[in-house]
Each structure stands twice: as structure tokens, then as C-alpha cells.
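A.B. asks: coords please:
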Amino acid sequence: MITLPYGKTGMPLEEGNAAVLHSHIAELRSDVPGRELVRRALEAPIGSPRLRDLAKGKKTCCFIISDHTRPVPSRDIVPEMLAEIREGSPDIDVFFLVATGCHRETRPDELRAKLGDEIFESAKILVHDCDSEDNIKIGVLPSGAPLVLDKKALDADLMVAEGFIEPHFFAGFSGGRKSILPGICDRETVLGNHCGAFIDSPFARTGILENNPIHTDMVDAVKQAGLDFIVNCIIDENKNTAAAFAGDPIKAHEAGCRELLGYCRIEADPSDIVITTNGGAPLDQNFYQCVKCMTAAEAAAVEGGVIIALSECADGIGGDYFYAQMSGPQTAQELYDSFLEVPMEQTPPDQWQSQIFARVLAHHPVIVVTRPELKEVVEKCKCMYAPTAQQALDMAFEMKGRDARVTVIPDGVSVMVQMKK
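C.D. replies: Residues are numbered from 1 along each chain as shown. So this is what the prediction gives:
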């Protein structure tokens, strides 16, 4: 019996003879408290002067923080960064800018939970709006997409960001440059960067940065925006800080990615049935986010293999446009092909998520385990529904036979899956 991540509680599964694939993140556990790891990283920044030195003489600071969809250990990062900033400039005016990208606005209760009572109640917190008329175009990205950013960040004397690094299903890794793009960019910029041609690239995959056109755009956005300094963490299976990287936004992030890759890369035998999850709350909060774990299963499944994805989806669908695309009359392959014909500048919202979803569905039947009230949504989006992991596995056995090879990936968003040769 194994308990798979699902919401805040988990869901049991009798896995039998299944191969259970874990990342090696557990081996990265640290006996040092998270804040101390951050403090040590700040004392030895990568490719950059100390943050306190960068802060000297500065009057205003834009501190970019993650939104409600990311389990960033902000309570470890933010106090230490603030202390160092104020050590360099005691009277500096610091405000937080929540990097929502094109997500919904982060609620006050979510910000309080993220930052803690003391900082939440004393800090000036602004939330990025990707549709604001005040966003400013400052240049053009390598892709040709316009770079339009939040004016509030550009007006500050010092721009810093927190974040965490994990595998990302088309940007290679999260963290670093994503605080800028998509974090505080205008919708126009995000849509251009996430266009159909880029998502179709064989390099726009989990764990790949080199030749990844999406990553290339993001790095350029950081340079043009003038992001001065970052602290990014790697978190363990319990979402506690296991390692911290501080310094130059590009170099520190790359160092963290190199470190993480050795722990998150796993090899899998091709399987007839692959069971995976989005790692539980908060990453499985909606159906939209569920696509991420499907890509890990996709990498471990044979052609036509059944994918079972567990996601509580406490917030429901997660995107009306995403739902409209996926519930339409086209087949998955027809839908995927149609995305490739859309010009970059006409990329609709959430196309990238739908495109990847369609890619998975074109090659694999998918069973989604979620709350009963989402059954109709799941089925309209070309998937099958099951109320429990055990029932989903029984359905898959009926399709593939009782002798089918089964692989379980308990946390599909924390791994980079490679087929065994």
C-alpha cells in the first residue's frame, strides 16, 4: 500500500508489483534550518556582489515574490533578504510585487499564509496585473515578441526576487528568470513566449535549458528588465528548504538547476500503465495545473499506454479558455495541429497548456482521479473519470490486461523522466 499525494491528505493505492519511481530529493535533506541555508547563500552569492552592497544608496526596492500556485519557502527567504537589503540601505522603501503572471490575483489570506503575520501586516504588497494599461514595453525578445513589463518594478532602484527550482514541463526548470517572464510581464509578452511553435520544440521539455526557445526568451527578459539579485531554493519532499542559491539571476539559477538535476532525473522502463500526481496541494489545486504531472507519465509510457493522473482540483478547472479549448469537438490530434497554425502574436490564453494536454491525449488514454463534481468536466475534456486511484487502476487493467506493466510516479512535477535504454 502506498499513499499518493492528493490535496492536503493523500489517497491510498495498492500498487502490487508496480515500479514506484521517486526522485532523489529526499537525499538532499539538510539538518540546517532553512533560514540558515538562505543566510549562508546570501553570504556567498554566485556571480554577484553581496545584496547589502547592491542595496547601498538605493531608495526604493521592488521585491518580487511568487504567487499562490508555488510552494516557495518564503518564510525562509524573505526575512533574510529583507535584513540584508536594510543592512545596506536602512531607510530603503521596499514593496512586494506578487508575480502572478496570467494567474488569478493572489488573495490576502494566501499572502498571509505565505509571508507570515508580521511581514504581511507591515509590508506594502502589490499584485501584478498582466492586463494593466500601466505596463510598459521596454524591448523585443529573441522570439520577436514584445517585452512589456510591470511599470512598478521598472521604476524601482533595486529589483530582487525569491523563487524555488523544480522541473518544469516546458521551461526546463522553474525559478530564476520566471520571476520576470511570465511573473511580471504583460499578457501580450507571456502569450508570445508560450506560442505554439515554441511549445512544439523538442527542447521545450522537462529539465532542458539548452536550445529551449522558451528559456532563451526568459533569460533575455531578465537582462532587459534589470533584475539585480535572486534567492532561489530547492525544497524536499515535505516542501522544506533543502538548498539555497543566491546571487546573479542567471548564474545562481543555473547553479541550482545543475544541483537539482542530479536528484530529480529518474530512469523508467516503458510501461503500459503510469500513475502520477501533481504532488498534492497547492500544485494540484485545479485541473489546468494537472497537465504538468501528465508529462512525466507521458515520458514513462509506451505508445498507447494508459495515464492515470491524481489531482484534487480544489479550485475547479483553473481556466475557462483552457476548458473551452479542450472540451471542443476536435480530436486531440486535430486540436494539437490547429495550435501549430496560430501565429505567435495571436496566441490565445492557455493555449500552451491545452497544446501539451492535446499532445498527451493524442498518444495516451487518460484517467483523471479527482472530486466527483468534476466528473463531467473531465469527460468533456476527452479524459475518463475515476473517484479513486484504485478504481482508476482497475479501469486501466481492463484496458491493458492484468499482466500490464505498471509504473507509479508519486510526484510527477518533481522529476525528469528518461526511458531506460
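A.B. asks: quick one: distance of stretch 259-270 to the chain centre.
C.D. replies: 17 Å (CA atoms, centre = their mean, to the nearest Å).
A.B. asks: state the mean pLDDT of that stretch.
C.D. replies: In this model, stretch 259-270 carries a mean pLDDT of 90.
A.B. asks: mind listing what's buried along that stretch?
C.D. replies: For stretch 259-270, burial by neighbour count (16 or more other CB atoms under 10 Å) applies to 259-261, 263-266, 268. Using the backbone N, CA and C atoms, a C-beta is placed for each residue, glycine as well.
A.B. asks: and it, end to end?
C.D. replies: 27 Å (CA to CA, to the nearest Å).
A.B. asks: ok, stretch 237-257 next?
C.D. replies: 17 Å.
A.B. asks: mind listing what's buried along that stretch?
C.D. replies: 237, 239, 241-257.
A.B. asks: so which of those sit within helices?
C.D. replies: Among the buried residues of stretch 237-257, the ones falling in helices (DSSP state H) are 251-257.
A.B. asks: got TSV for those, with distance to residue 157 too?
C.D. replies: As requested, those are arranged in TSV below (distance: CB to CB, whole Å):
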residue	distance to residue 157
251	22
252	21
253	23
254	26
255	26
256	26
257	29
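A.B. asks: so which of those residues comes closest to residue 82?
C.D. replies: residue 252 (18.1 Å; CB to CB).
A.B. asks: picking that back up, looking at the buried residues of stretch 259-270, which are in helices?
C.D. replies: The helices, defined by DSSP H, take in 259-261, 263-264 from the buried residues of stretch 259-270.
A.B. asks: ok, and the closest non-adjacent residue to residue 7?
C.D. replies: Among residues not flanking residue 7 along the chain, residue 312 sits closest, at 3.5 Å (CB to CB, 6 or more residues apart in numbering).
A.B. asks: ok so the one you found is a strand residue?
C.D. replies: No - going by DSSP: H, G, I helix; E, B strand; the rest coil, the assignment for residue 312 is coil, not a strand.
A.B. asks: residue 114 versus that one, what's the distance?
C.D. replies: 20 Å (CB to CB, to the nearest Å).
A.B. asks: now swap in residue 148 and tell me
C.D. replies: From residue 148 over to residue 114 (counting by CB to CB), the distance is 26 Å.
A.B. asks: do the same with residue 398
C.D. replies: Taken as CB to CB, the span from residue 398 to residue 114 is 43 Å.
A.B. asks: same thing with residue 39?
C.D. replies: Taking CB to CB, one finds residue 39 at 20 Å from residue 114.
A.B. asks: these two: who's more crowded?
C.D. replies: Ranked by neighbour count (other CB atoms under 10 Å), residue 39 and residue 114 place residue 114 first, with 22 against 19.
A.B. asks: and residue 303, what element?
C.D. replies: In the assignment (DSSP states H and E), residue 303 maps to strand 301-310.
A.B. asks: which is the next helix or strand following that strand?
C.D. replies: helix 320-326.
A.B. asks: convert the C-alpha atoms of that following helix to CSV, please.
C.D. replies: Extracted in CSV, the C-alpha atoms of helix 320-326 (Å, rounded to 0.1, in the frame of the first residue of the first chain):
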residue,chain,number,x,y,z
ASP,A,320,-12.3,28.9,-18.7
TYR,A,321,-10.5,29.3,-22.0
PHE,A,322,-8.5,26.1,-21.3
TYR,A,323,-11.7,24.3,-20.7
ALA,A,324,-13.3,25.7,-23.8
GLN,A,325,-10.4,24.5,-26.0
MET,A,326,-10.2,21.0,-24.5
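A.B. asks: buried ones in that helix?
C.D. replies: Buried-residue list, helix 320-326, by 16+ other CB under 10 Å: 322-323, 325-326.
A.B. asks: now do the particular helix or strand that has residue 233 in it, average pLDDT.
C.D. replies: Using DSSP H and E, residue 233 sits in strand 229-235. Throughout strand 229-235, pLDDT has a mean value of 96.
A.B. asks: which of the ones in helices among the buried residues of stretch 237-257 lies closest to residue 140?
C.D. replies: Of those, the one sitting nearest to residue 140 (CB to CB) turns out to be residue 253, at 22.7 Å.
A.B. asks: quick one: pLDDT of the closest one?
C.D. replies: Reported pLDDT for residue 253: 98.
A.B. asks: so what does the closest residue to it other than its chain neighbours look like in phi/psi?
C.D. replies: The shortest distance from residue 253 to any non-neighbouring residue, by CB to CB, 6+ apart, is to residue 176 (2.8 Å). With angles defined as degrees, to the nearest 10, residue 176 sits at phi 60, psi -110.
A.B. asks: could you do residue 89 as well?
C.D. replies: Residue 89 adopts backbone torsions of phi -150, psi 90, taken as degrees, to the nearest 10.
A.B. asks: C-alpha coordinates for stretch 51-63, PDB please?
C.D. replies: Extracted in PDB, the C-alpha atoms of stretch 51-63 (Å, rounded to 0.1, in the frame of the first residue of the first chain):
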ATOM      1  CA  LEU A  51      22.900  42.000  -1.700                       C
ATOM      2  CA  ARG A  52      23.700  44.500   1.000                       C
ATOM      3  CA  ASP A  53      26.300  46.100  -1.300                       C
ATOM      4  CA  LEU A  54      23.800  46.300  -4.200                       C
ATOM      5  CA  ALA A  55      21.300  48.000  -1.800                       C
ATOM      6  CA  LYS A  56      23.700  50.800  -0.800                       C
ATOM      7  CA  GLY A  57      22.500  54.200  -1.900                       C
ATOM      8  CA  LYS A  58      19.200  52.800  -3.200                       C
ATOM      9  CA  LYS A  59      16.000  54.500  -2.200                       C
ATOM     10  CA  THR A  60      13.400  52.000  -3.500                       C
ATOM     11  CA  CYS A  61      13.300  48.200  -3.900                       C
ATOM     12  CA  CYS A  62      10.900  46.000  -5.800                       C
ATOM     13  CA  PHE A  63      10.900  42.600  -4.100                       C
END
